[in-house]
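*Asks:* sequence and predicted structure below; questions after.
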Amino acid sequence: MTDWNPGLYLQYGAERTRPALELLSRIAMDDVTDVVDLGCGPGNSTALLQQRWPAAQITGVDTSPAMLAEARAALPGCRFVEADIRHYRPEHALSVIYANASLQWVDDHYALLPHLVSLLKLHGVLAIQMPDNDLEPTHVLMREVAFEQDYPDRGRASLAGVHAYYDILTEAGCEVDIWRTTYYHQMSSHQAIVDWVSATGLRPWLQDLNEAEQKRYLHRYHQLLVEQYPLQENGQILLAFPRLFIIARREP
C-alpha cells in the first residue's frame, strides 16, 4: 500500500481531532511521566497530549514515514518512532498509552489489548478510541462496490464488541469504562464524503487497483452514496460517524 497522505487526512482535522479530545478528557491523571501515542499520524493527537502533560516524555508511534515527517516538523519537542503497534516496546513502563483511531487497523485484539496493558505502570491508563462504523453506508457500500466489480474483500475486521472488550480488559486486571458516541459531521457534498474516507477506510479497497479501476470503483461508490445520503434543507449532508471509546486503568 502506498504511504498515508497527511494533507488528505488533515483536510478534516477538526472533525478527526474532536474524538481525540473527548478521549483525552476522560483520563483522570495529573501525575504523568511517560505517554505513548500509538498510531500518532501527523501529530494532531500528540499535540493534545503535550498540551495536557507538558512535563511528560511524549512519544508518537506510527508506521507511516510521511505521517511521522509531518509530526516531527510540527512537534520538535516530542519523540517519534517508526514502528508497528504490535511490535513496539517502550524502554520502561508507561503512565498512559493513548490510541486514537489506530487499533482498528491491528488484528487480534484478544492478544493485543492484554499486551498493551502489560506495558503500563500500576494505575496506568490505556485509552482507546476506534471508529465503529462497519455497518454505516460509507463502509457497507465499499464492500458492495467491490462485490459488484469482482474485487476481493479488503475491509478491516469488525471490532470485537463492547462485551468482548470489557471481558478482555477486566481479565487483564483493569477497571474499565466503555462508551459509544455518534458524531454527525456536516459534509458539503457526496464528493466530500469520498474525500473523507479516501484518507482512511477506503485506502485498502483501492490499493491494488490501477488508475482506470480506481476511477470505475469511485464512480460507482459516489453513485451509491447519493442514494444513501439525502441532502438537508440547506444542501448539507449529515454523515453519521459512530466511535467506540475505552478507558482501562491497570489495577493491582
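*Replies:* Looks like it came in fine. Residues are numbered from 1 along each chain as shown.
*Asks:* can you show me the helices along the chain?
*Replies:* Secondary structure of the chain (DSSP state H): helices at 6-9, 13-25, 44-52, 65-74, 109-118, 137-148, 162-171, 190-198, 203-206, 211-228.
*Asks:* now do the second one: which elements does it pack against?
*Replies:* Helix 13-25 is packed against helix 44-52, strand 94-100, strand 120-131, strand 174-187, strand 237-250, with contacts defined by 3 or more C-beta pairs under 8 Å, 6 or more residues apart in numbering; DSSP states H and E. For glycine as for every other residue, the C-beta is placed from the backbone atoms N, C-alpha and C.
*Asks:* looking at the ones you listed, which is buried most?
*Replies:* Most buried of the helices and strands packed on helix 13-25, by mean neighbour count (mean count of other C-beta atoms under 10 Å): strand 94-100, with a mean of 25.
*Asks:* most packed of the helices of the chain?
*Replies:* It is helix 44-52: most buried of these by mean count of other C-beta under 10 Å, with a mean of 21.
*Asks:* residues contacting the closest residue to residue 175 other than its chain neighbours?
*Replies:* Nearest residue to residue 175, sequence neighbours excluded (C-beta to C-beta, 6 or more residues apart in numbering): residue 249, at 4.7 Å. Going by C-beta atoms under 8 Å, 6 or more residues apart in numbering, residue 249 touches 123-125, 174-176.
*Asks:* swap in residue 131?
*Replies:* By C-beta under 8 Å, 6+ apart, residue 131 lies in contact with 101, 104, 200-201, 241-244.
*Asks:* which one in those is the model shakiest on?
*Replies:* Note: of these, the lowest pLDDT belongs to residue 200, at 85.
*Asks:* can you tell me how far that residue is from residue 102?
*Replies:* According to C-beta to C-beta, to the nearest Å, residue 200 and residue 102 sit 11 Å apart.
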